[in-house]
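*Asks:* let's see this in three dimensions:
(one chain, ligands or ions: 2)
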Amino acid sequence: MPRAIITGITGQDGSYLAEFLLNKGYEVIGMVRRSSTITFERVHHIQDAITIVQGDLHDQSSLVDVIEQYRPEEVYNLAAQSFVPTSWNQPVLTGEVTALGVTRLLEAIRLVNPETRFYQASSSEMFGKAVEVPQRETTPFYPRSPYGVAKVYGHWITVNYRESYDLFAVSGILFNHESPRRGLEFVTRKISHGVARIKLGLVDSLRLGNLEARRDWGYAGDYVEGMWLMLQNATPKDYVLGTGETHSVREFCEVAFRHVGLDYDKYVVQDQRYYRPAEVDLLVADPSRAQTELGWKPKVNFQELVSLMVESDLKLVSQEVR
Ligand code: NAP
Ligand code: GDD
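*Replies:* Numbering: from 1, shown residues only. Ligands and ions are numbered 1, 2, ... in the order given. Coordinates of the predicted model:
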């Protein structure tokens with residue numbers, strides 16, 4: 001039975017990846033940081049099938065211990081301070097976790113078992129003020145937030161450890177992917193949850209920032225398969241994963257409100273508080289390398305994604321008010 005460690009297993013992607021690997025017959029070890037409250041909501045349903053171990057990307061020895069104790073074939077580094085606005089408020093913490101945390105984990109692998117295959121969760125945020133459209137593996141980076149800058153570091157240190165120490169270390173440059181398990185502060189979930197609360201009469205408006213920003217939004221469940229495929233490759237190589245379609249935040253609102261028979265224009269209020277000091281205006285992937293070489297293709301389209309998120313939040317919010 002192959003064994004995998006997932007850092008960030010309590011996050012959106014960690015939960016889908018854990019399900020995916022369990023279905024493939026893996027033994028799944030989830031690394032979690034200590035906190036005073038339990039944050040296992042997203043993995044509650046599979047908690048008996050996985051092993052939870054404590055570790056923190058701030059703490060080198062905890063990472064060495066985890067790799068030494070479990071000696072996994074594969075490590076998926078999904079842990080990060082992943083919310084872009086927070087990276088302006090906490091730039092040093094973001095750098096510690098999202099950038100240097102990657103080096104700490106790579107060091108643990110290099111020292112304990114360099115045969116371990118390593119996946120780094122890189123991001124389309126690295127393209128930032130994009131210098132070409134669509135963005136592919138060779139597009140130069142121009143990050144626009146401390147988070148984006150930290151991810152560029154994480155990306156290059158992964159490439160560097162591959163080239164310096166011959167590790168099987170790869171970086172997946174993933175465009176935005178969403179789901180009913182997305183954190184409530186990210187715009188798609190904020191919209192689907194807001195739509196449900198408005199439809200059920202709990203609130204009468206939804207306050208958002210820049211409605212013109214465009215993203216390449218896919219479904220998280222599809223993207224975890226791409227992560228796994230990258231670690232099954234014959235040679236270590238980096239890939240872009242995305243849908244190749246771009247939509248604005250405004251369009252996301254239109255489709256989400258329309259799904260419950262409402263006009264977004266009557267409810268969405270633009271609020272300066274949600275604007276960013278520097279914006280990423282347009283992201284759209286060219287996922288052709290992943291399609292050709294890995295056979296990876298997203299299955300859920302934009303309309304389906306919006307509908308499944310709104311439906312899920314309608315159910316959730318109605319249970320909460322009952
Ligand atoms: P997420 O829901 O925010 O999950 C982040 C995870 O990291 C959580 O499990 C969190 O634990 C953990 N974590 C944070 N700080 C940690 C630390 N110091 N030590 C150990 N664990 C720590 O993020 P996601 O959406 O699943 O994304 C997964 C990864 O992909 C992230 O690296 C993100 O930056 C990257 N990414 C995401 C997208 C996307 O669209 N979702 C696109 C490209 C790249 P707690 O539960 O304790 O907070
Ligand atoms: N969060 C948020 N809240 N974003 C808003 C709002 C709002 O009220 N109003 C407009 N937006 C716009 C943001 O300005 C941004 O342009 C866009 O919606 C998407 O914001 P987020 O959903 O917060 O995601 P992100 O694109 O900044 O970052 C996500 O995707 C990256 C991949 O490109 C995160 O998951 C990152 O961790 C990930 O790397």
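
*Asks:* show me what from the stretch 201-322 of the chain comes close to ligand 2.
*Replies:* On the criterion CB under 6 Å from any ligand atom, ligand 2 has as its neighbours in the stretch 201-322 of the chain the residues 208-210, 213, 215, 249, 274, 276, 279-280, 283. Backbone N, C-alpha and C define where each C-beta goes, glycine included.

*Asks:* restricted to helices, list the residues you listed.
*Replies:* Those of these mapping onto helices are residue 249, per DSSP state H.

*Asks:* out of the residues of the stretch 201-322 of the chain next to ligand 2, which are buried?
*Replies:* Buried subset of these (neighbour count, 16 or more other CB atoms under 10 Å): 208-210, 213, 215, 249, 279-280, 283.

*Asks:* biggest separation within those residues, which pair?
*Replies:* Looking at these by CB to CB, the two members farthest from one another are 208 and 283, with 17.8 Å of separation.

*Asks:* now for the closest residue to residue 277 other than its chain neighbours: which residues touch it?
*Replies:* Counting by CB to CB, 6 or more residues apart in numbering, residue 277 lies nearest to residue 88, which is 5.9 Å off, once chain neighbours are set aside. Counting by CB atoms under 8 Å, 6 or more residues apart in numbering, residue 88 touches 145-146, 276-277.

*Asks:* any chance of the residues you listed in CSV, with distance to residue 199 and pLDDT too?
*Replies:* Conversion of the contacts of residue 88 to CSV gives the following (distance: CB to CB, whole Å; pLDDT from 0 to 100):
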residue, distance to residue 199, pLDDT
145, 33, 99
146, 36, 99
276, 28, 98
277, 33, 98
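
*Asks:* from these, which is closest to residue 298?
*Replies:* Sorting those by how near they are to residue 298, with CB to CB, puts residue 145 at the top with 25.1 Å.

*Asks:* what's around the closest one, how many residues?
*Replies:* For residue 145, the count of nearby residues is 22 (other CB atoms under 10 Å).

*Asks:* now do residue 242
*Replies:* 28.

*Asks:* could you chop the protein up by domain?
*Replies:* If you go by automatic domain parsing, the domain ranges for the chain are 3-177+217-241, 183-216+246-283+300-321.

*Asks:* give the contact list for the residue of the chain found nearest ligand 1.
*Replies:* Here the chain gets closest to ligand 1 at one residue, residue 11, 2.1 Å apart by CB to the nearest ligand atom. Taking CB under 8 Å, 6+ apart, we find residue 11 in contact with 42, 78-79, 82.

*Asks:* among these, which are within reach of ligand 2?
*Replies:* Checking these against ligand 2 by CB under 6 Å from any ligand atom, the ones in range are residue 82.

*Asks:* and the pLDDT at whatever residue of the stretch 1-150 of the chain ends up closest to ligand 2?
*Replies:* Across the stretch 1-150 of the chain, no residue is closer to ligand 2 than residue 123, which sits at 3.2 Å (CB to the nearest ligand atom). Here, the pLDDT recorded for residue 123 equals 99.

*Asks:* once you drop chain neighbours, what's closest to it?
*Replies:* Using CB to CB, 6+ apart, the nearest residue to residue 123 is residue 151, at 4.6 Å.

*Asks:* how much space between the one you found and ligand 2?
*Replies:* Computed as CB to the nearest ligand atom, to the nearest Å, the residue 151 to ligand 2 distance reads 7 Å.

*Asks:* need the winner for burial among the domains of the chain.
*Replies:* Each of those was given a mean neighbour count from mean count of other CB atoms under 10 Å, and the largest, a mean of 20, is that of domain 3-177+217-241.
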